[in-house]
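S.K.: I'll drop the sequence and a predicted model, then ask my questions.
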Amino acid sequence: MKDINIPASRFSTNSRVVFFTGAGISAESGISTFRDIDGYWSKYDPTKLASPQGFDEDPDLVLQWYAARRKKIKKARPNKAHLAISDFQKLFTDSMVITQNVDGLHWQAGNAPVLELHGNIHREKCFTCGRPGSEVASTKGAKSYCTCGGLMRPNVVWFGESLAMSTLSDAFEATRQCDIFFTIGTSALIYPAAQLPYEARNTGAFVIEVNPEETPFSEAADLSVRGKAGEILPKIFREFNAAIS
Ligand code: OAD
């Protein structure tokens, strides 16, 4: 692979770095994305599986789909891209991950802190009162109930629902303050998360996109690198490490 031309010497170990990630960063761990040709939303209807209306109409269908995803995710391990972020975080100690993923692989890789914009698939909350439930939700898909009598559901954000305000405002704050912003493995289509790379750009960060495909954001990036995150991120890390460590 040829060198990726990064103006790494413009930065120092004090530079603040944000890693914004989407489903593509977990693809090399064997977890499906949503909008690729074989992604979830090419096979399933998101309004049935990932909306409050869908859960109201057929909770068993939704619980079983999330249980099957959970089972698959439990067997998955962080890949070279997650591990490269851990390396970056040793170099740039003022850095964080903002993810749209619900799989928890960033935590498993030791990335920290991690803001989970769309929740976490392993946790549950009550569909009626919102009270948090188990942090190790079932991989069987059976119904369980809150003390208020409401049905427990996955603690993830569904279509038509709002993101947690404090998480979202922390994400925007970190984005506005960072010097380098990576946008990795996201189609950059789902708002408000998709606004973050633009916010980073508008507030002066150097924005690097890593994705095998072009996205609506690609043209606005300072550097848009085509390729798999597990191959590209270790290479970008080596460039930064050689220039500034
Ligand atoms: P998408 O499925 O929309 O996009 C995945 C992106 O990953 C695509 O742009 C792919 O080209 C890219 N990709 C695939 N393999 C890759 C690899 N090995 N390395 C790097 N990139 C790769 O997933 P998201 O952008 O995460 O929302 O989707 C955003 C949100 O839409 C999700 O959080 C989910 C979904 O509906 C909720 O569940 C609320």
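M.R.: That came through, no problem. Keep in mind that what you see is a predicted model, and the values were worked out from it rather than measured.
S.K.: Against Val102, how distant is the closest residue to the ligand within the chain?
M.R.: Residue of the chain nearest the ligand, by CB to the nearest ligand atom: Gly24 (2.3 Å). Bear in mind the C-beta positions are built from the backbone N, C-alpha and C, glycine included. Going from Gly24 to Val102 by CB to CB, to the nearest Å gives 14 Å.
S.K.: Can you mark which positions in the helix or strand bottoming out on mean pLDDT in the chain are buried?
M.R.: In the chain, no helix or strand scores lower on mean pLDDT, DSSP states H and E than helix 40-43, which sits at a mean of 93. For helix 40-43, the neighbour count (16 or more other CB atoms under 10 Å) marks Tyr40 as buried.
S.K.: List the buried residues in the helix or strand following it.
M.R.: Next helix or strand after helix 40-43 toward the C-terminus (DSSP states H and E): helix 46-49. Of the residues in helix 46-49, Leu49 count as buried by neighbour count, 16+ other CB under 10 Å.
S.K.: Does anything pack onto helix 46-49? Which helices or strands?
M.R.: Identification of packing neighbours for helix 46-49 by 3 or more CB pairs under 8 Å, 6 or more residues apart in numbering; DSSP states H and E yields helix 52-57, helix 59-75.
S.K.: Of these, which is nearest Asp94?
M.R.: helix 59-75 (29.5 Å; CB to CB).
S.K.: shouldn't Phe181 be in contact with Thr175?
M.R.: Yes. Here Phe181 reaches Thr175: they are 6.5 Å apart, a contact under CB atoms under 8 Å.
S.K.: joint contacts of the two?
M.R.: When contacts are counted by CB atoms under 8 Å, 6 or more residues apart in numbering, Phe181 and Thr175 have 18, 20, 196, 200, 205 as shared neighbours.
S.K.: where does the protein come near the ligand, residue by residue?
M.R.: Counting by CB under 6 Å from any ligand atom, the positions of the chain adjacent to the ligand are 22-24, 27-28, 33-36, 39, 50, 100, 118, 157, 185-187, 189-190, 210-213, 215, 228-229.
S.K.: The nearest residue to the residue of the chain closest to the ligand once chain neighbours are set aside: neighbour count?
M.R.: Using CB to CB, 6 or more residues apart in numbering and skipping the chain neighbours, the partner closest in space to Gly24 is Gly185 (2.3 Å). Residues near Gly185, counting by other CB atoms under 10 Å, number 28.
S.K.: measure Gly185 to Gly22 for me?
M.R.: Distance from Gly185 to Gly22, by CB to CB: 5 Å.
S.K.: who touches both of those two?
M.R.: Thr33.
S.K.: The top strand by length along the chain - contacts with which helices or strands?
M.R.: Across the chain, the longest stretch assigned as strand under DSSP state E is strand 119-126. Strand 119-126 is packed against helix 59-75, strand 152-156, with contacts defined by 3+ CB pairs under 8 Å, 6+ apart.
S.K.: And the contacts of the longest one?
M.R.: The contact list for helix 59-75 (CB under 8 Å, 6+ apart) reads 30-31, 44, 48-50, 54-55, 103-105, 121-122, 127, 137-143, 151, 153-154, 156.
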